[in-house]
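>>> pasting a predicted model and its sequence here:
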Amino acid sequence: MRRRDSSRPARRRDRRNQRGLTAIELMVTLAILAILVGLAAPSMSRFIVQWRLSNAVNALTGSLRIARTEAIARARPVVVCQLKATTAVACETGASADELAGGWIVFVDNDRDASSVYSELKGDELLLRQDALPGLSHIKLGNPGRFVFLPNGLMRSGANGITFDASGFDKTNIPSWARKVLCISKHGRVRHLTDTNDCSSGGDE
């Protein structure tokens, strides 16, 4: 006579005890998830804005330091200028040369022309080209023009302030966390300001 397998009913009972989420439980779970996402979204948006601003500040600061270092090392003027729209390496000129959000270039002014215009035919050497950075509406110069670092490490022009504004905000009412300011002295000293856009005041290094 075959012995009865007592384990089968237990397995059937286990299956009966297993069940999935009910519709109400699923709706409650989704509602809680939606609330958590809603709470986290503003913080994440602010983090992305500040990361993009810091990235732009670091990129321009690095370019300025490269320009100063190369000017001293090569005993030649090195220029940082606004990239002219629709061009590969031309510098913007005049009063329009006050906006770096569209990109900039760094080059050695080997021909030492008075206007500091990049010309490969005259022996100028391109060191760096920076294209437009995402998430920025403005990288505005306080004084239009270009940064020309001389072999002694000084800038040909005076001090300048640069304002970095994140995109997506009204420029007349932009929150302080969506703006950064960079101040550059005639000696090439760079300061990052955190709570003001006045380069005559103190600030963070």
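Happy to help now that I have it. No experiment lies behind these values; they were computed from the predicted model shown.
>>> isn't V80 right up against T61?
No. Using Cβ atoms under 8 Å, V80 is not in contact with T61; the gap is 11.0 Å. For glycine as for every other residue, the C-beta is placed from the backbone atoms N, C-alpha and C.
>>> more neighbours: which of these two?
Per other Cβ atoms under 10 Å, whichever of V80 and T61 has more neighbours is V80, with 26 against 15.
>>> got phi/psi on the residue most central in space within the chain?
In the chain, the C-alpha nearest the mean C-alpha coordinate belongs to A56, at 2.7 Å (Cα atoms, centre = their mean). When read as degrees, to the nearest 10, the backbone of A56 gives phi -70, psi -40.
>>> which SS class is the residue lying closest to it once chain neighbours are set aside?
In space, and not counting its chain neighbours, A56 is closest to L133: 4.8 Å by Cβ to Cβ, 6 or more residues apart in numbering. Three-state call for L133 (DSSP: H, G, I helix; E, B strand; the rest coil): coil.
>>> quick one: contacts for the residue nearest to the centre of the chain?
133, 136, 139, 164, 180 (Cβ atoms under 8 Å, 6 or more residues apart in numbering).
>>> and if we set it to 6 Å?
Going by Cβ atoms under 6 Å, 6 or more residues apart in numbering, A56 touches 133, 136, 164.
>>> give me the pLDDT for it.
Looking at A56, its pLDDT is 95.
>>> any weak-confidence spans in the chain?
1-21, 36-43, 194-198, 200-205 (pLDDT under 70).
>>> go again with 90.
Scanning the chain for pLDDT under 90 picks out the ranges 1-47, 93-95, 112-117, 120-121, 157-159, 168-177, 187-205.
>>> hey, where'd the strands end up in it?
Taking DSSP state E as the criterion, the chain carries its strands at 78-82, 103-108, 125-131, 136-141, 147-149, 160-166, 179-184, 190-193.
>>> relative to the first one, what are the paired strands and their orientations?
Spelled out, that is strand 78-82. strand 103-108 (antiparallel), strand 147-149 (antiparallel) (DSSP bridges).
>>> how about residues contacting the shortest one?
By that I understand strand 147-149. Here strand 147-149 has contacts from 67-68, 71, 77-80, 116, 155-156, using Cβ under 6 Å, 6+ apart.
>>> go again with 7 Å.
Contacts with strand 147-149, where a contact means Cβ atoms under 7 Å, 6 or more residues apart in numbering, come from 64, 67-68, 71, 77-80, 116, 155-157, 188.
>>> repeat that for the first one.
Contact with strand 103-108 is made by 63, 66-67, 70, 74, 76, 78-83, 89, 118, 124-132, as judged by Cβ under 7 Å, 6+ apart.
>>> where's it relative to the chain centroid, distance-wise?
Between the centre of strand 103-108 and the centre of its host chain there is 17 Å, according to Cα atoms, centre = their mean, to the nearest Å.
>>> and if you look at the last one?
Strand 147-149 has its C-alpha centroid displaced from the chain centroid by 22 Å (Cα atoms, centre = their mean).
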